[in-house]
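>>> sequence first, then the predicted structure:
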Amino acid sequence: MILQHENSPYKRIALVTGANQGIGLQVAKELVANGVTVLIGSRNFEKGQSAAQEIGQGAVPIHLDVTDRVSITVAADRIRSEFGRLDLLINNAAISRAENNDVAAEDYAAMYSASTVSINEVRGIWETNVFGVLSVYQAMVPLLRHSLDARIVNVTSAVGSLSLNSDPSFPFRNMYNPAYAGSKSALNSITLSMMIEHEGDGIKVNLVSPEYTKTHLTNHQGTESVQDGCREIVRVALLGPDGPTGTFTRWENAIIPW
């Protein structure tokens, strides 16, 4: 059941995970500017509140730790109670480091190689980037099924592309490792399974890479601004019900090989 008056305009409800900073915050700002009500998913509720206040009307803070099943369940229950549905799920929350938060980009490849990376580090990264996304997805699918225009956008990275990394000329090939890059490969695989699951049922699923962006995730060592990094996410998120599903793209609508 869609909880809205039949004569009222259809205002989309979006949940953005990790929306209190970086790309998630910028995506939330731009979606609100486009008339979307955005739930600011944040592991730290106070930071989520601050982000929502910064954005203004149309932004609603919601406590959501993607590594905590209880937090996810409570968030889903709140959305169901207050809104009755979810139209747009943007799985943005991610980490590149679980323990070594001060590793410089030039040292990352050596410290995170398959032979040297800490297993605990890999587990910590995958807990957020892989299992967190799947857990949030499973909790929110029932709410998406109540939408007239449901879409899931999973934020990944081109460094997770197996096709690109199998090419010796790929410039970021030496950064491929079981930790962050490997987690994005796993996320891509999970996203493909979502795409297959929702073929024909009206829920659209898209995979997007913001490219190498200057955020906390990259220790602000990226080459793209936050504004540029979020462009493709926002473009895809705002696609209407006739927009495509099953895509893996970077700005602007450039296809990334799996």
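All right, it came through fine. Because the structure is a prediction, the values reported are computed rather than measured.
>>> use CA for all of it now, contacts and neighbours both
Fine.
>>> how many other residues sit next to S166?
Residues near S166, counting by other C-alpha atoms under 10 Å, number 10.
>>> setting aside sequence neighbours, what's the nearest residue to it?
R173 (7.9 Å; C-alpha to C-alpha, 6 or more residues apart in numbering).
>>> then V36?
R12 (5.2 Å).
>>> my read: that neighbour touches D87, true?
Yes - with contact defined as C-alpha atoms under 8 Å, R12 and D87 form a contacting pair (5.7 Å).
>>> so the spatially most central residue of the chain versus Y180, what's the distance?
The structure's the chain has its C-alpha centroid closest to N92; by C-alpha atoms, centre = their mean the separation is 2.1 Å. Going from N92 to Y180 by C-alpha to C-alpha, to the nearest Å gives 14 Å.
>>> same check, this time on I203
Where Y180 is concerned, I203 sits at a distance of 28 Å (C-alpha to C-alpha).
>>> who has more neighbours out of these two?
Taking other C-alpha under 10 Å, I203 and Y180 do not tie; Y180 has more neighbours (26 against 23).
>>> what's next to the one helix or strand G182 maps to, contact-wise?
According to DSSP states H and E, G182 maps onto helix 180-197. By C-alpha atoms under 8 Å, 6 or more residues apart in numbering, the surrounding residues in contact with helix 180-197 are 95-97, 122, 125-126, 129-130, 133-134, 154, 156-157, 159-162, 175-176, 204-207, 245-246, 258.
>>> just to revisit the earlier point, which residues touch the residue nearest to S166?
Contacts of R173 by C-alpha under 8 Å, 6+ apart are 159, 164-167.
>>> one step back: out of the contacts of helix 180-197, which are buried?
Neighbour counting by 16 or more other C-alpha atoms under 10 Å classes 95-97, 122, 125-126, 129-130, 133-134, 154, 156-157, 159-162, 175-176, 204-207, 245-246 among the contacts of helix 180-197 as buried.
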